[in-house]
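[1] sequence isn't available, so here's the structure alone:
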């Protein structure tokens, strides 16, 4: 599927992989994803060697337990133990049997078939860095408890600021526990700036307000509001989505205008750059310009805070300086066009007041390693709590960290060490190669799915790692594209709903009984949406998805998956 003047055309040649690119990705995998003790001595210990060796067997999930030595016995032990041992256990210098068992049989993201979600294997340098951070055990919440780790956090924050186009002197950031916490900070910054009374009295006595987010955003966009005490039914505006799951800018303008006309405060506008299931990328600059224009029109001094949930998509920032004309990495035509399209969007991230970075996703760092980036460090002053609450900390040192502005009282630094090591060793080049490899796999998968004749690839124009699709019963449906278009065109009648339910049920049953061959895909209840009816309502359309963030996936696994679908479904 090539891109020609904005039109997507299926094209096998545009998805071929050059020999030069193959050499580059194999080099990256050897250096950073091989668990090779010659490069990374941490993998030389017996425990690590045993875990890596077992996971390298590449077993399907339902064969792993029975293939592990004494697996059934250890499984019963881990399920039945309930008492702390009475006596000390003298270390013997050997691997702990239960820890090795649990590590080996935890979810195997190294498996070449693992593409279930926006989760992937961490890279070797990040594991090394995380271990150093765990050994050092600093607490980033307070300078005396963190020591030099505080400077390492600032180091990584400056690197991210420069990558995104923020001013490295004026911006700041906070490493925290996952993307949900990052988005929570985004909401909180807007609330404290626009509704300062909420600091002491909560949301109920605050001036009339509305929080704005997208119907296509991550579920944390709503769960966070519940944590903050927001009346979700009455105080939240959920923006309509375009067909590709981007926000509807016309709807945003109408909603913002109505709020400002009624003297209703809008603390935060939550955008998404890289939705979980279809990689929808909201435009930021038009939202920034719209916000400023309307605030000027209505004379509003405090503007809504724009936070971008870019937990998945932030890694596209590595391509901001790429020479697309010369294409030195020899990325294939289809993928190059998709990256270029996304890069045009991600150039706009610098217009956000804050954004989320999940190193633990497309940054290949172990859990948890998440960073909320803040464009103006002065914004953190609105989060500061009463100094009297910090009476047991040294007064002269309190201002040297973000202690009084953070949600957490403890902030571990292992994620910082892991992120630093990943950035240090992989560099921009390593990330570009790895991400391009993943996106080439995603596009190849889209190409092969389209060849089957019984599959509709959903929003193929969203050229990210997430590939969602629907498989239709070839005995009942002649053209999956026509059928999907009819599903999308929502109708208020029983025959429409029955047909949609029939297609949903057929694909769901196929997914459950098919088994995991080639790729370990996942089922999602909300892959895309129908059109909106006259009341603004829509239906969720479910489907299947594969997320190509795993650098170990090859075209062999993709072909196995496709061949299985062809033999058992589309060829009948």
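    Everything's here; your move. Keep in mind it's a predicted model, so treat the numbers as computed, not measured. Numbers count the residues shown, from 1 in each chain.
[2] name the residue most distant from the centre of the protein?
    residue 87 (44.3 Å; CA atoms, centre = their mean).
[3] average pLDDT for the helix ranked longest in the chain?
    In the chain, taking DSSP state H as the definition, the longest helix is helix 414-451. Helix 414-451 carries an average pLDDT of 97.
[4] what does the helix or strand that that helix is followed by contact?
    Downstream of helix 414-451, the first helix or strand assigned by DSSP states H and E is strand 455-457. For strand 455-457, the external contacting residues (CB atoms under 8 Å, 6 or more residues apart in numbering) are 446, 449-450, 467-472, 480-481, 483-484, 565, 570. Yep, even glycine has a C-beta here, placed from its N, CA and C like the rest.
[5] run the last query once more with 6 Å
    Residues outside strand 455-457 that contact it (CB atoms under 6 Å, 6 or more residues apart in numbering): 446, 449, 450, 469, 470, 471, 480, 481, 484.
[6] domain ranges for this structure?
    38-84+93-107, 145-386, 452-570 (automatic domain parsing).
[7] could you dump those domains into TSV with mean neighbour count and distance to residue 426 added?
    Compiled in TSV, the domains of the chain are given as follows (neighbours: other CB atoms under 10 Å; distance: least, CB to CB, whole Å):
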stretch	mean neighbour count	distance to residue 426
domain 38-84+93-107	14	13
domain 145-386	20	7
domain 452-570	18	11
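[8] make JSON lines from the ones you listed and add distance to residue 18 to it.
    Below are the domains of the chain laid out as JSON lines (distance: least, CB to CB, whole Å):
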{"stretch": "domain 38-84+93-107", "distance to residue 18": "26"}
{"stretch": "domain 145-386", "distance to residue 18": "4"}
{"stretch": "domain 452-570", "distance to residue 18": "14"}
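[9] distance between stretch 30-46 and the chain's centre?
    Relative to its chain's centre, stretch 30-46 lies at 26 Å (CA atoms, centre = their mean, to the nearest Å).
[10] wasn't residue 213 part of a strand?
    Yes. Assessed by DSSP: H, G, I helix; E, B strand; the rest coil, residue 213 belongs to a strand.
[11] how much space separates it from residue 275?
    12 Å (CB to CB, to the nearest Å).
[12] helices of the stretch 301-450 of the chain, start to end?
    333-346, 414-451 (DSSP state H, counting those that start in this stretch).
[13] by contact count, what packs against the longest one?
    In terms of contacts (3 or more CB pairs under 6 Å, 6 or more residues apart in numbering; DSSP states H and E), helix 414-451 is packed against helix 19-32, helix 124-136, helix 149-164, helix 333-346, strand 455-457, strand 466-471, helix 555-565.
[14] and these: which comes nearest residue 404?
    Of all the helices and strands packed on helix 414-451, it is helix 149-164 that lies closest to residue 404, at 14.8 Å by CB to CB.
[15] now do that closest one: which elements does it pack against?
    Against helix 149-164 (3+ CB pairs under 6 Å, 6+ apart) you get helix 414-451.
[16] quick one, the helix it packs on and helix 19-32 angle?
    Using axes from the mean of the first three to the mean of the last three CA atoms, to 10 degrees, the inter-axis angle of helix 414-451 relative to helix 19-32 is 150 degrees.
[17] list the contacts of the residue nearest the centre of the chain.
    Among the residues of the chain, residue 312 comes closest to the average C-alpha position under CA atoms, centre = their mean, at 2.8 Å. Neighbour list for residue 312: 118, 274, 361 [criterion: CB under 6 Å, 6+ apart].
[18] using a markdown table, please lay out these together with distance to residue 198.
    Converted to a markdown table, the contacts of residue 312 look like this (distance: CB to CB, whole Å):
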| residue | distance to residue 198 |
| --- | --- |
| 118 | 32 |
| 274 | 30 |
| 361 | 31 |
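[19] between these, which is nearest residue 349?
    residue 274 (10.8 Å).
[20] quick check: the gap between that closest one and residue 424.
    Following CB to CB, the distance that separates residue 274 from residue 424 is 24 Å.
[21] equivalent analysis for residue 217, please.
    32 Å.
[22] and the helix or strand residue 509 falls within, average pLDDT?
    Using DSSP H and E, residue 509 sits within helix 494-514. Mean per-residue pLDDT for helix 494-514: 95.
[23] give me the contacts around the next helix or strand after it.
    Along the chain past helix 494-514, the next helix or strand (assigned with DSSP H and E) turns out to be strand 522-529. Strand 522-529 is contacted from outside by 116, 277, 458, 468, 511, 538, 540, 541, 542, 543, 544, 545, using CB under 6 Å, 6+ apart.
[24] can you tell me the closest non-neighbouring residue to the fifth one?
    Sequence neighbours aside, residue 523 is the residue nearest to residue 511 in space, at 5.4 Å (criterion: CB to CB, 6 or more residues apart in numbering).
[25] how far does stretch 461-471 stretch from start to finish?
    19 Å (CA to CA, to the nearest Å).
[26] how far off centre is that stretch?
    Counting by CA atoms, centre = their mean, stretch 461-471 comes out at 15 Å from the chain centroid.
[27] between the contacts of residue 312, which sits nearest residue 249?
    Nearest to residue 249 among those, with distances taken as CB to CB, is residue 274, at 18.1 Å.
[28] just for the chain, where's the confidence low?
    1-9, 387-401, 571-572 (pLDDT under 70).
[29] before we move on, the earlier item: now do the phi/psi pair for the residue nearest to the centre of the chain.
    phi -90, psi -50 (degrees, to the nearest 10).
[30] go on, residue 464?
    phi -110, psi -170.
[31] quick one: contacts for it?
    Counting by CB under 6 Å, 6+ apart, residue 464 has contacts residue 279.
[32] can you do 10 Å?
    118, 273-281, 312-313, 316, 338-339, 342, 362, 438-439, 442, 547-549 (CB atoms under 10 Å, 6 or more residues apart in numbering).
[33] one more: residue 240?
    Contacts of residue 240 (CB under 10 Å, 6+ apart): 214-216, 247-252, 254-255, 529, 532, 536, 538.
[34] now for the residues you listed, which pair is the farthest apart?
    For these, and using CB to CB, no pair is farther apart than 254 and 529, which are 19.0 Å apart.
[35] how near is residue 386 to residue 502?
    60 Å.
[36] help me confirm that residue 253 comes into contact with residue 212.
    No. Contact between residue 253 and residue 212 fails when scored by CB atoms under 10 Å: they sit 11.4 Å apart.
[37] what sits in contact with each of the two?
    Joint contacts of residue 253 and residue 212 (CB under 10 Å, 6+ apart) are residue 287.
[38] for residue 366, give its distance to residue 412.
    12 Å.
[39] between the two, which contacts overlap?
    133, 134.
[40] tell me the most buried of the helices of the stretch 301-450 of the chain?
    Among the helices of the stretch 301-450 of the chain, helix 414-451 has the highest mean neighbour count (mean count of other CB atoms under 10 Å), at a mean of 23.
[41] distance from the chain centre to that helix, please.
    That offset, for helix 414-451, works out to 13 Å (CA atoms, centre = their mean).
[42] please flag which of the contacts of residue 240 sit within helices.
    249, 250, 251, 252, 254, 255.
[43] which non-adjacent residue is nearest the third one?
    Among residues not flanking residue 251 along the chain, residue 240 sits closest, at 4.4 Å (CB to CB, 6+ apart).
[44] against residue 71, how distant is the one you found?
    Distance from residue 240 to residue 71, by CB to CB: 50 Å.
[45] how far away from the center of its chain is stretch 409-420?
    Per CA atoms, centre = their mean, the centroid offset for stretch 409-420 relative to its chain is 19 Å.
[46] what ranges does the stretch 151-300 of the chain have for its strands?
    Remark: strands assigned in the stretch 151-300 of the chain by DSSP state E, counting those that start in this stretch are 172-176, 211-214, 236-239, 268-272.
[47] ok so, going back, for residue 167, find the nearest of the helices of the stretch 301-450 of the chain.
    helix 333-346 (17.7 Å).
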